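1. Need coordinates for the below:
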Amino acid sequence: MFPMLWVLPMLFAPAAALEAPRRMQAQFAAQAPRLEGRLTEWQQATPIAFSGRPLAGHPRHATVYALWDAANLYLAFDVYSSPLQAQVREHDGDRLWFDDGIEFLIDAHRDRGTAYLPDDFAYHINIRNTVFDDRGTPQGQPDKAWNGVARHSVHILSDHRYLVEVAVPWAEIGLTPVAGTTRLGIDLCVNGSDPATGAYDYFDWCHLQVFHDPSGFGEMELVG
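-> Numbers count the residues shown, from 1 in each chain. Sure thing, here's the model as predicted:
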């Protein structure tokens, strides 16, 4: 989470780099998902689930599906949250991370180092389908001027549920996908705020304190 690197003091604590990384699999897709809000297209995936603290009296949890083919890595986030809200409409807009939405961060080379390098990048996508994206630099810091080319769609399913689908080109990731061989570092996150009080909270798969610190990322393996 790029902005939280600056605004939350706890993010200066060291990441739990010595812990074994969480693991997930991306299944080969015989037919690419069309990103049209149909969860039936993701049934061949092996989902993972993670949850956060209740917000505004509502439970919050997410199920994430991962698929791949020769062209793209595909992710789908099925999220249940507090009453949905989002304000930011402009690309790389300030405070987008306070809106309801998702994030994913990728460490293509799986270095598991603390520096945020050029093979590392992140997307923040709110429920308006607005994006804040950034990529690492040789100096180890995020560059928010970078703009990714991933395709993404958002589908509001109820006042408390939404679906985000993403297709990230392997050319952008910088890898040639091979089943059983390709692995990459990844973390997954959900943001949200109570529209009545403005109270903000997030939850992520890897329970990180420093989001732009790949040493704490989990691991995704391509299978199929």
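
2. Report pLDDT for the one residue sitting closest to the centre of the chain.
-> Against the mean C-alpha coordinate of the chain, by Cα atoms, centre = their mean, the closest residue is residue 104 at 1.6 Å. We have a pLDDT of 98 for residue 104.

3. Tell me who's in contact with it.
-> 75, 122, 123, 166, 186, 187, 188, 189 (Cβ atoms under 8 Å, 6 or more residues apart in numbering). Backbone N, C-alpha and C define where each C-beta goes, glycine included.

4. which non-adjacent residue is nearest the fifth one?
-> In this structure, residue 186 finds its nearest non-sequential neighbour in residue 220, 4.8 Å apart by Cβ to Cβ, 6 or more residues apart in numbering.

5. What of the first one?
-> Nearest non-adjacent residue to residue 75, counting by Cβ to Cβ, 6+ apart: residue 166, 4.7 Å away.

6. hmm, back to that, any idea what the residue nearest to residue 186 is bridged to?
-> Beta-bridge pairing for residue 220 (DSSP bridges): residue 24, residue 184.

7. count of neighbours near residue 70?
-> 10 (other Cβ atoms under 10 Å).

8. pLDDT wise, what is the nearest residue to residue 141 once chain neighbours are set aside at?
-> Closest residue to residue 141 apart from its sequence neighbours, by Cβ to Cβ, 6+ apart: residue 116 at 6.2 Å. Looking at residue 116, its pLDDT reads 97.

9. Kindly report the same for residue 1.
-> Looking at residue 1, the pLDDT reads 50.

10. Check the separation of the first and last residues in stretch 209-217.
-> Its start and end residues considered, stretch 209-217 measures 11 Å (Cα to Cα, to the nearest Å).

11. list the buried ones in that stretch?
-> Buried residues in stretch 209-217, defined by neighbour count with 16 or more other Cβ atoms under 10 Å: 209, 210, 211, 212, 213, 214, 215, 216, 217.

12. State the phi and psi torsions of the third one.
-> For residue 211, the backbone dihedrals (degrees, to the nearest 10) come out as phi -70, psi -40.

13. Could you report the separation of it from residue 22?
-> 15 Å (Cβ to Cβ, to the nearest Å).

14. confidence score at residue 9?
-> Looking at residue 9, the pLDDT reads 31.

15. cool, and the one 4 residues further on?
-> At residue 13, the model reports a pLDDT of 38.

16. ok, the residue nearest to residue 108 when sequence neighbours are not counted - contacts?
-> In this structure, residue 108 finds its nearest non-sequential neighbour in residue 119, 4.2 Å apart by Cβ to Cβ, 6+ apart. Counting by Cβ under 8 Å, 6+ apart, residue 119 touches 107, 108, 109, 111, 136, 174.

17. sorry, back to before: next step: the buried residues of stretch 209-217 restricted to strands.
-> Among those, no residue falls in strands (DSSP state E).
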